[in-house]
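> structure, please.
(one chain, ligands or ions: 1)
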Amino acid sequence: MQLSREDEEFRDRLRRWLAGSLTGRFAALRGAGGPGREHEAHEERLAWNRHLAAAGWTCLGWPAEHGGRGATLAQQVIFHEEYARSGAPTRVGYLGEELLGPTLIAFGTPEQQRRFLPAIRAVDELWCQGYSEPGAGSDLAAVATTAALDGDEWVITGQKIWTSLAHVADWCFLLARTQAGSRRREGLSYLLVPMHQSGITVRPIRQLTGTSEFNEVFFDGARTRRDLVVGAAGDGWRVAMGTLSFERGVATLGQQIGFERELGRLVEAARRTGAAADPVLRDKLARAWIGLAAMRAHALDTLAAGPGAASTAPSVLKVLWSRWHQELGELAMEVLGAPSMVARGAPYDLDDWQRLFLFSRADTIYGGSDEIQRNIIAGRALGLPRQDRS
Ligand SMILES: Cc1cc2nc3c(=O)[nH]c(=O)nc-3n(C[C@H](O)[C@H](O)[C@H](O)COP(=O)(O)OP(=O)(O)OC[C@H]3O[C@@H](n4cnc5c(N)ncnc54)[C@H](O)[C@@H]3O)c2cc1C
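All right, here's what the predicted structure looks like:
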């Protein structure tokens, strides 16, 4: 990606700001949060995220009229790279900033935009995503949660599952069936629902890591205002797909900087433990490095192509990074040897490598499983016939 002088100045300004800000009470937050570590220092990370917002470092890519900075693609990439490089903690507001915000900008009414975008930008309200249900994951069109109008309010009944960060969210954007008797993609609506109400119960799910990043969410007559439907009632599928198209995007390059750091730390560990002398492990470490280089080239190529990129590009990238990261976790266990099989303390005190190994099992599931991504590639790149799900 070609960088201009302004881009380089932008990078310098950001670098200086991050170095100057990750000090004092925020210094201890370096590296906090992230996959398998979402429970860490939530309040402190929220304060950090608001500090970031106050300095204008949230929602960079949003258009200026919606409170963003209208930053160029190159600057957004720089932001995510420098942010990851600085070791700044995982942002607590990313679901609002990266998924719902762009959705509201694309599909929301001016009133919805005015009501919700400033609070997302300032990290005053946190969001969660209520798509998956016990019977509707990969097959999202099987959503069975219902919403029916009662005067000026929707009344929602059903269950969502695997809802990341629902336990700290103020609002949920969810997909519900609003047309009784409708099937599959028809009759669904995209609703904005306040989480703090008696009709909603959030039950954390304990994960392999021993912590709970996601939850079951039960809706028993939960309510939201009639006008808090994004797009038209019944047109929720189109809006929900719009949200998915915003998932990841430029943040991918920041994620890769994080991967690079993990690989660097693993190489250091291999030197320390003597694993670096093992020809098989050396080979695997070199393969990991090559895989990362290929991923980065693919991501940069895709971003540079902009709207002209192949429609399968996000699926290719998802399959590349999810497998790569899982293999890194497996390799870490090999490099660290037998001690990696035991928790370092009672009752279940895992180190960073064990957490990475265990949490990365989820990488090939969330955001569309690898099988689903390969189905997309099979259909769009290879022209194979669609699967019949009727
Ligand atoms: C860490 C994590 C966080 C998540 N956060 C959220 C969240 O915030 N909000 C939310 O709504 N959801 C969230 N999810 C849910 C996630 O989107 C689903 O787990 C995912 O879509 C898969 O659905 P499922 O779990 O029902 O599995 P299923 O769809 O039942 O799939 C089971 C297995 O069958 C395979 N399979 C399914 N259909 C096909 C097919 N047609 N062809 C070939 N193979 C197939 C799948 O690949 C998988 O291996 C999260 C999941 C994880 C792991």
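> for the residue of the stretch 101-250 of the chain found nearest the ligand, give me the pLDDT.
Closest to the ligand within the stretch 101-250 of the chain is residue 137: 1.8 Å, counting by CB to the nearest ligand atom. To be clear about C-beta, it is placed using only N, CA and C from the backbone, and glycine gets the same treatment. pLDDT, residue 137: 96.
> show me what contacts the closest residue to it other than its chain neighbours?
Distance criterion CB to CB, 6 or more residues apart in numbering; nearest residue to residue 137, sequence neighbours excluded, is residue 162 at 7.5 Å. Neighbour list for residue 162: 132, 137, 205, 214-215, 366 [criterion: CB atoms under 8 Å, 6 or more residues apart in numbering].
> tell me the one of the residues you listed nearest residue 287?
In terms of CB to CB, no member of the contacts of residue 162 lies closer to residue 287 than residue 366, at 24.6 Å.
> got the phi and psi for that closest one?
Dihedral pair for residue 366: phi -70, psi 160, per degrees, to the nearest 10.
> quick one on the thing from earlier: SS state for the residue nearest to residue 137?
Here residue 162 is recorded as coil under DSSP: H, G, I helix; E, B strand; the rest coil.
> any idea how far it is from residue 64?
Residue 162 is 35 Å from residue 64, where distance means CB to CB, to the nearest Å.
> same thing with residue 378?
41 Å.
> with residue 53 instead?
Separation of residue 53 from residue 64 (CB to CB) stands at 16 Å.
> what's the answer for residue 153, then?
Noted for residue 153: a distance of 34 Å to residue 64, by CB to CB.
> these two: who's more crowded?
Taking neighbours as other CB atoms under 10 Å, residue 153 and residue 64 compare with residue 153 leading, 16 against 9.
> burial check on the closest residue to that one other than its chain neighbours, number of neighbours?
Of all residues not flanking residue 153 in the chain, residue 223 sits nearest, at 4.7 Å (CB to CB, 6+ apart). Burial measure for residue 223: 18 neighbouring residues, criterion other CB under 10 Å.
> same check on residue 330?
Residue 330 has 14 neighbours, counted by other CB under 10 Å.
> rewinding a little: quick one, phi/psi of the residue nearest to residue 137?
According to degrees, to the nearest 10, residue 162 has phi 60, psi 30.
> same check, this time on the one 4 residues further on
Reported as degrees, to the nearest 10, the phi and psi values for residue 166 are phi -60, psi -30.
> any idea how far it lies from residue 277?
47 Å.
> then residue 384?
Applying CB to CB, the value for residue 384 to residue 277 is 46 Å.
> what is the rounded mean pLDDT of the lengthiest helix in the chain?
Using DSSP state H, we find that the single longest helix of the chain is helix 279-305. Helix 279-305 comes out with an average pLDDT of 94.
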